[in-house]
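S.K.: I would like the atomic coordinates for the input below:
(3 chains)
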Amino acid sequence: MWKWLHPYAKAERAYQLCNTLLPYFAVIAVVGLLVGWVWGLAYAPADYQQKDSYRIIFIHVPSAIWSMGAYSSMAIAAIIALVWQIRNAELAVISIAPVGAAMTAIALITGAAWGKPMWGAWWVWDARLTSELILLFLYFGVLSLYHAFEDKKSGGRAACILAIVGVVNLPIIHFSVEWWNTLHQGSTITKFDTSAIDPSMLWPLLINIVAFAGVLGVVTLIRLKNEILRCEQHRPWVRELVNRG
Amino acid sequence: MLEIDTVTCTKQDRCLFDSLSFTLHSGQIMQVEGPNGAGKTSLLRIIAGFARADEGQIRYNHTDIREDYDSFAAELLFIGHKTGVNQQLNAYENVQYWLQVHGAKASEEEVYELLAKLGLIGLEDVPVRTLSAGQQRRVALVRLWLNKAKLWILDEPFTALDKKGVALLQTQFQSHLDAGGAILLTTHQDLTAHFAQLQTLTLEYRL
Amino acid sequence: MQTHHSYWLAFKSVYTKDVTLAFRQRAEIVNPLLFFLIVITLFPLAIGPEPALLTRIAPGIIWVAALLSTMLGLDKLFRDDYNDGSLEQLIASPYPLSLSVLAKVAAHWTVSGLPMVLLAPLFALLMNLETQSLNATVLTLLIGTPLLSFIGAIGAGLTVALQKGGILMSLLVLPLYIPVLIFATSAIDTSSMSLAYGGQLAILGAMLAVAIVAAPIAISSALRVSVS
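M.R.: Numbering: from 1, shown residues only, chains lettered A, B, ... in the order given. This next block holds a predicted model:
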């Protein structure tokens, strides 16, 4: 692990890695979104029950999945940052956090918008929506903790610790909320069940999920590049880069 | 005993010191000098293991202090700007508390005797917050007489002390050095006349 | 001096110091309790005093009030030690920082959680809870409040170096309290229906066991970051 990670502990190498990965993610994001949205929004058949309003799942489900995905990747980066003391991993944590928060916000907003025709209310205390809301709070916690520190080095490490504490708690929170929901049998209509979905809808959904991963990757990498440059602004290699470009 | 190996520290995008290396052997005293903001306190805190250097290593008896920090801490006495004296407790309680969390022991008479020696006679039982700055510092400095540590790291130990207090401290420094200990300190006082073994490290203010 | 013996001594002296200080400034213990009591009083006034309604919402109110009043004492948990340098002295001691942290959390629970447990019968009375629910309330508070102290101390450790850490700390900590809130209130709910609530207590107990092992590590690394 260390041998594999070690080269990327150097800021310059990490920056180069970002540059190498960026085009791949960009292609996945652009092509995926184009194909996924056109297919999903225009060509996939309408649901016999929900008519066209179901089409919001092509945004809601991918953003919900990657809101969790982003948190896990953030926590993995945080563990790497603390265990091997790699500063770039700290920067990665800081780079992912706002993107993950945005994904969570999208999932919440689309969830509410979807809830209106389905449940007749913008907000219903459904287990998954509630979990997403708490996830958003956890993201806000990491972000506001980082920004509260004047010394960004300490802020980064504090954010890493909180991200790890959060990821340990996340399954417990998720489980408790699920359980709370079944206990207070409320207004929820049966959950969206992926296995029962028709292939004509499943394929565009899968493409959108991959595309959202691309978007997550692109925005994170761009942010990470900026963070590395900001951090290393006084190093010769950054000056060289600036002079060249 | 203590090796500082190419240590670099930057604070808020300003490089305080770059690839700093030196060694401190037992029986030696080293004074870190430099203008305000040169990074004296930062250096001391890195060596004590509170802050992390951006690059480089601190070794104590040839092992990185981060590898086994608790054993290093057993050999370390650190007194910083913030002395670690609780304002609500009285002098005696403060000393006893410190001894217990540092795995040391001293009898009641011993502690009272030392407090008297440091001019705190009659003030042992009032909350420390009612004492003057110099007296509060003396409560912290009692530790110099009650520890088994080999390495002393002291940040401005003479602050707020009167002449008598300074002299008392210097005598105790000398006996620590004679016993094979080492001292690393910052101060604006001139110590050359007092210690033959004195080394100085000057940090410059960098932009 | 044997090592085993002195570990205990170090734990004891950190614990005793914090408890002694709290008892010297009794307001620190009394004020959160009064806050707890006043918050609980507000609800019948806001919602109406119907006994059936109160019984229905009592578990939630008692527990939300418990969460909030725990937060009051948490901000002070490491603040004084950070400001006067005692925290540095604890780090630079031959004992693991987790040990001192464990002692401090235990002290925090003694002065904030334990009084709430002891006063629970009074609150249950105010909120029209029956005897079987009273037992559940006491038991959930007994297992749940140490958990609140442990989780909260992580937030306190992370924010101790910040000028205005108090509100930020609540932001960080309250979402993490949600599982405790859910299982504790549901245990009381279940008990009011005369059903077995051992399952919820077991989950709370399991969470406490994990917290005792894992939280001190998280808290000490948070403190090291704050001190650096």
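
S.K.: What backbone torsions are found at whatever residue of chain B ends up closest to chain C?
M.R.: Proximity to chain C, evaluated over chain B using C-beta to the nearest C-beta, is greatest for B:Lys82 at 2.9 Å. (C-beta placed from N, C-alpha, C; glycine too.) With angles defined as degrees, to the nearest 10, B:Lys82 sits at phi -90, psi 120.

S.K.: Hmm, it is touching C:Gly85, no?
M.R.: Yes - using C-beta atoms under 8 Å, B:Lys82 is in contact with C:Gly85, at 2.9 Å.

S.K.: B:Leu123: what's it in contact with?
M.R.: B:91, B:115, B:131, B:135 (C-beta atoms under 8 Å, 6 or more residues apart in numbering or on different chains).

S.K.: wait, doesn't the third one sit right on B:Val139?
M.R.: Yes - here B:Leu131 lies in contact with B:Val139, judged by C-beta under 8 Å, at a distance of 7.3 Å.

S.K.: What score does the residue of chain C found nearest chain B have for pLDDT?
M.R.: The nearest approach of chain C to chain B comes at C:Gly85, 2.9 Å away (C-beta to the nearest C-beta). Note on C:Gly85: pLDDT of 92.

S.K.: May I have the phi/psi pair for it?
M.R.: The phi/psi pair for C:Gly85 (degrees, to the nearest 10) is phi 90, psi 0.

S.K.: give me the number of residues near the closest residue to B:Asp178 other than its chain neighbours?
M.R.: Among residues not flanking B:Asp178 along the chain, B:Gly27 sits closest, at 7.7 Å (C-beta to C-beta, 6 or more residues apart in numbering or on different chains). When neighbours are counted by other C-beta atoms under 10 Å in any protein chain shown, B:Gly27 registers 15.

S.K.: pretty sure B:Gly27 contacts B:Gly180?
M.R.: Yes - under the criterion of C-beta under 8 Å, B:Gly27 makes contact with B:Gly180 at 5.9 Å.

S.K.: need the longest helix for chain B.
M.R.: The longest helix of chain B (DSSP state H) is helix B:163-178.

S.K.: Check the offset of it from the chain's centre.
M.R.: Relative to its parent chain, helix B:163-178 has a centroid offset of 13 Å by C-alpha atoms, centre = their mean, to the nearest Å.

S.K.: name the helices or strands packed onto that helix?
M.R.: Helix B:163-178 sits against helix B:133-141, strand B:182-186, with contacts defined as 3 or more C-beta pairs under 8 Å, 6 or more residues apart in numbering or on different chains; DSSP states H and E.

S.K.: How far away from the center of its chain is the helix or strand that the shortest one is followed by?
M.R.: Spelled out, that is strand B:182-186. Where DSSP states H and E defines the elements, the next helix or strand beyond strand B:182-186 is strand B:198-202. Distance, stretch centre to chain centre, for strand B:198-202: 16 Å (C-alpha atoms, centre = their mean).

S.K.: returning to that earlier point: what about the residue nearest to B:Asp178, helix or strand, and which?
M.R.: Per DSSP H and E, there is no helix or strand for B:Gly27.

S.K.: show me where chain C has strands.
M.R.: Assigned by DSSP state E, chain C shows no strands.

S.K.: Write out the residues of it neighbouring chain A.
M.R.: For chain C, the residues in contact with chain A (C-beta under 8 Å from any C-beta of the partner chain) are C:154, C:158-159, C:161-162, C:165, C:168, C:171-172, C:174-176, C:178-179, C:182-183, C:186, C:207, C:214, C:218, C:221-222, C:225-226, C:228.
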